[in-house]
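In: Sequence first, predicted model second:
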Amino acid sequence: MNKIEHIGIAVNDLFKACDIYEKLLGTACYKQELVESENVNTAFFKVGENKIELLSSTTEDSAIAKFLAKKGEGIHHIAFDVTDIYAEMARLKAEGFILLNEEPKKGADNKLICFVHPKGTNGVLVELCQEIS
Ligand code: CMX
């Protein structure tokens with residue numbers, strides 16, 4: 001894995017959260033994107049080389065809606081940049097990690113993504129991201 005690509009934060013209200021994070025980081029959100037496959041609305045901020053992704057749910061039964069209902073707002077996942085997502089998925093599978101999708105899928109911000117179950121990673125949901133060139 002190359003570096004932390006972004007940290008995902010689950011929020012109840014994307015508009016209000018954007019306002020808070022714009023003030024906190026002193027910079028405007030550079031991208032808002034609806035990810036229909038995940039039932040989320042996202043907003044991205046750049047902090048130096050790093051990114052923060054705010055996520056709100058668009059349905060009552062999405063992964064984000066479930067997370068918010070159970071744990072409330074807060075850090076939802078850590079995403080790692082990878083060069084070859086297929087190779088990284090195969091490596092993690094061989095190491096016994098539980099991949100939440102068999103094939104990479106299209107995620108926000110022009111990425112191929114795959115999630116790793118938090119049960120095998122000390123309670124942290126991990127995302128692999130490969131930039132689509
Ligand atoms: N971080 C840490 N733990 C989490 C978690 C998260 N984000 N989401 C759920 N969990 C915990 C649950 O609280 C539960 O814990 P307990 O067993 O102690 O009660 C455990 O994981 C397993 O939960 P589950 O009932 O088996 O499954 P859920 O229906 O809660 O689904 C998960 C959990 C991770 C499998 C599901 O959220 C998932 O598939 N996530 C990947 C997709 C995703 O998160 N999409 C939204 C982001 C999209 C984007 O970034 O664009």
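Out: Ah, there it is. Residues are numbered from 1 along each chain as shown.
In: Show me what from the protein comes close to the ligand.
Out: When proximity is defined by CB under 6 Å from any ligand atom, the chain lies next to the ligand at 8, 35, 38, 40, 42, 55, 63-64, 66-67, 70, 76-77, 100, 107-108, 115, 117-118, 123, 125. Where you see a C-beta, it was placed from the backbone N, CA and C, and this is true even at glycine.
In: ChimeraX command to pick out the buried ones of those?
Out: Entered in ChimeraX, the line below selects the buried ones among these, by 16 or more other CB atoms under 10 Å:
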select :8,35,38,40,42,55,63,64,67,76,77,100,107,108,115,125
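In: quick one, strands of this protein?
Out: In the chain, the strands defined using DSSP state E lie at 3-10, 31-35, 40-47, 50-57, 74-81, 105-107, 111-116, 126-131.
In: Quickly list what residue 80 is bridged to.
Out: Going by DSSP bridges, residue 80 is paired in beta bridges with residue 4, residue 128.
In: tell me the contacts of it?
Out: 1-5, 126-129 (CB atoms under 8 Å, 6 or more residues apart in numbering).
In: Go ahead and build a ChimeraX selection from the buried members of those residues.
Out: To isolate the buried members of the contacts of residue 80 in ChimeraX, using 16+ other CB under 10 Å:
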select :5,126,127,128,129
